[in-house]
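Novice: Sequence first, then the predicted structure:
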Amino acid sequence: MFRGNLSVRINTSKSQEEVYNHVEDALEDLGRTSISNSGTISVSSSKFSGFGFVTDIEGRIVKRDDYYHLDLDFNSKPEILSWIIAICLFPVGLAIFILPYNAQGELDKKAKRILNDLKYDLEKNDDLV
């Protein structure tokens, strides 16, 4: 219901394995992160789930010519309990949807900071070599 998308372009000459490991470590702040060999990112994000809603985070990292393109998609969606409360207690019950909306906003801010730091770290360390 409440979706977000972030992307970043990282110019680095590091190997794919180094970049994947660095990305995986950086995204640990969002939840348990794993990256497949094909570049699919999966984050179990129980940190951003709460009463009546669940948050999904997934993404992908693709190597282009001399850079990596990292995309993160996240979605905070109300569970059936939230819909029942919203319908049974209408119109006051609609306030239950503030919870996933706020979680999505918090996740967006934190993910932006993480991706900016990740880009800076990978590109800065690349310049030192």
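Specialist: Arrived safely, thanks for sending. This structure is a prediction, so every number in the text was calculated from the model and none was measured. Residues are numbered from 1 along each chain as shown.
Novice: and P100, what does it touch?
Specialist: 1-2, 50, 52-53, 55, 76-78, 82 (C-beta atoms under 8 Å, 6 or more residues apart in numbering). For every residue, glycine as well, the C-beta is placed using N, CA and C.
Novice: Return the item of these having minimum pLDDT.
Specialist: The member of those with the lowest pLDDT is M1, and it reads 79.
Novice: Where does pLDDT dip in this protein?
Specialist: Within the chain, the segments meeting pLDDT under 70 span 125-129.
Novice: just to revisit the earlier point, buried subset of the contacts of P100 as a ChimeraX selection?
Specialist: Filtering those down to the buried ones (16 or more other C-beta atoms under 10 Å) takes a single ChimeraX command:
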select :2,52,53,55,76,78,82
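Novice: from the contacts of P100, which ones fall inside strands?
Specialist: 2, 53, 55, 76-78 (DSSP state E).
Novice: so which of those would you say is closest to S44?
Specialist: Using C-beta to C-beta, T55 comes nearest to S44 of the ones in strands among the contacts of P100, at 10.0 Å.
Novice: of all the contacts of P100, which two lie farthest apart?
Specialist: M1 and G50 (14.0 Å).
Novice: quick one: buried residues of the helix ranked longest in the chain?
Specialist: Assignment by DSSP state H gives helix 98-128 as the longest helix of the chain. Residues of helix 98-128 classed as buried by neighbour count (16+ other C-beta under 10 Å): 99-100, 103-104, 107-108, 111, 114-115, 118-119, 122.
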